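>>> structure here, sequence nowhere to be found:
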């Protein structure tokens, strides 16, 4: 679910926090992806395409654009999320939701695929959104790509929505710094606003719309004060409301040691064996897509060489793309707007 109507509220009240980009603007950036969101996207929007082939195509598209993807998978969900997960399981026709955080057979297949593609995967201790946000705050990645808005209250400085393989869709970039500035609230107040809007970890106050919730936070600054001033006849406060527990989840997420991330060239033969021999996809499709990938990478390398000869600043060579990326220095909150020549002076080189 994410945060109910937060995107609509941002467009209406803080449009300066939103910018629209092209996928090519994120070339040479490290992007953390919430794996469960991608899985749900493919299940809902392209049921005719196998999940594995969807991951295969999309990951190659990222790599073709010189994007370094990092896939983050969910761990054990917080107990506060139980009610939401049960509703989702019921809506999907499942007998129960995943209480342990153990990877499903589908997720395990995706992890095996990503291994053959040479792309790093990180296991979160809890919700993937929280770890994605931490990776941005630590400077390990440049942004989070997710369709849910949860990463903003978790503290991700840059959130990308719509980062996919479609050629005719814009990437929507949200800046956390600009958001709190334009709304004239702090990050802690943004968390309370998100709880009032409706999040995965507790109930919300019935009948309280986004604009009213924002005005209450701007005036009273915290949920405790909002509760004292809200009209309980029209907006009854839930009994035993666990807003403090929800706030703690957003503020005090378990810290995971910053990993060392490594990318390698996709192993075509391993991919063919896994996707075609084991999972019974057509070998011709896999081979043809890999051929297109190699051709695209070659053309991009030729463009770089021409830029270098012309004295342009973007001189990253193809082999540099497959090296280890260590912790990255904090830069501009808008990853797409940063000039590549200046950012290269602010960040350590890829090892």
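Nice, thanks for sending it over. Nothing here was measured: the structure is a model prediction, and the numbers come from that model.
>>> residue ranges in this structure under the pLDDT threshold?
The chain contains residues with pLDDT under 70 at 1, 46-48, 88-89, 91-101, 165-169, 312-351.
>>> what about the strands in it?
With DSSP state E as the criterion, the chain has strands at 18-21, 30-34, 68-73, 121-123, 143-145, 158-161, 171-175, 261-262, 324-325.
>>> tell me the most buried of those?
With neighbours taken as mean count of other Cβ atoms under 10 Å, the strands of the chain reach their highest mean count in strand 143-145, at a mean of 29. Quick note: C-beta positions are derived from backbone N, CA and C, even for glycine.
>>> now do that strand: which elements does it pack against?
strand 30-34, helix 128-138, strand 158-161 (3 or more Cβ pairs under 8 Å, 6 or more residues apart in numbering; DSSP states H and E).
>>> state the paired neighbours of the last one in the sheet, together with their directions.
Pairing partners of strand 158-161, with direction, according to DSSP bridges: strand 143-145 (parallel), strand 171-175 (antiparallel).
>>> could you dump these into a markdown table with distance to residue 158 added?
Converted to a markdown table, those look like this (distance: least, Cβ to Cβ, whole Å):
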| stretch | distance to residue 158 |
| --- | --- |
| strand 143-145 | 4 |
| strand 171-175 | 6 |
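>>> coming back round to it: the helices and strands packed on strand 143-145: which one's closest to residue 307?
When the helices and strands packed on strand 143-145 are compared for distance to residue 307 using Cβ to Cβ, the nearest one is strand 30-34, at 21.5 Å.
>>> and residue 73, how far from residue 56?
17 Å (Cβ to Cβ, to the nearest Å).
>>> same deal with residue 70?
For residue 70, the distance to residue 56 - Cβ to Cβ - is 17 Å.
>>> residues contacting residue 234?
Neighbour list for residue 234: residue 207 [criterion: Cβ atoms under 8 Å, 6 or more residues apart in numbering].
>>> how close does it sit to residue 132?
37 Å.
>>> do the same with residue 273
In this view, residue 273 and residue 132 are 31 Å apart by Cβ to Cβ.
>>> more neighbours: the two, which one.
Remark: of residue 273 and residue 132, residue 132 carries more neighbours, 30 against 14, as counted by other Cβ atoms under 10 Å.
>>> which residues in the stretch 51-200 of the chain form helices?
For the stretch 51-200 of the chain, applying DSSP state H, counting those that start in this stretch gives helices covering 51-64, 82-92, 105-116, 128-138, 151-154, 176-183, 187-197.
>>> out of these, which is the most enclosed?
Per residue and on average, the most neighbours among the helices of the stretch 51-200 of the chain fall to helix 151-154, with a mean of 29 (mean count of other Cβ under 10 Å).
>>> and of the helices of the stretch 51-200 of the chain, who's closest to residue 296?
Closest of the helices of the stretch 51-200 of the chain to residue 296 is helix 51-64, at 4.5 Å (criterion: Cβ to Cβ).
>>> elements contacting that closest one?
Helix 51-64 packs on helix 35-45, strand 68-73, helix 105-116, helix 283-309, going by 3+ Cβ pairs under 8 Å, 6+ apart.
>>> compare the ones you listed and give me the one nearest residue 267.
The minimum distance between residue 267 and these falls on helix 105-116, with 5.1 Å, by Cβ to Cβ.
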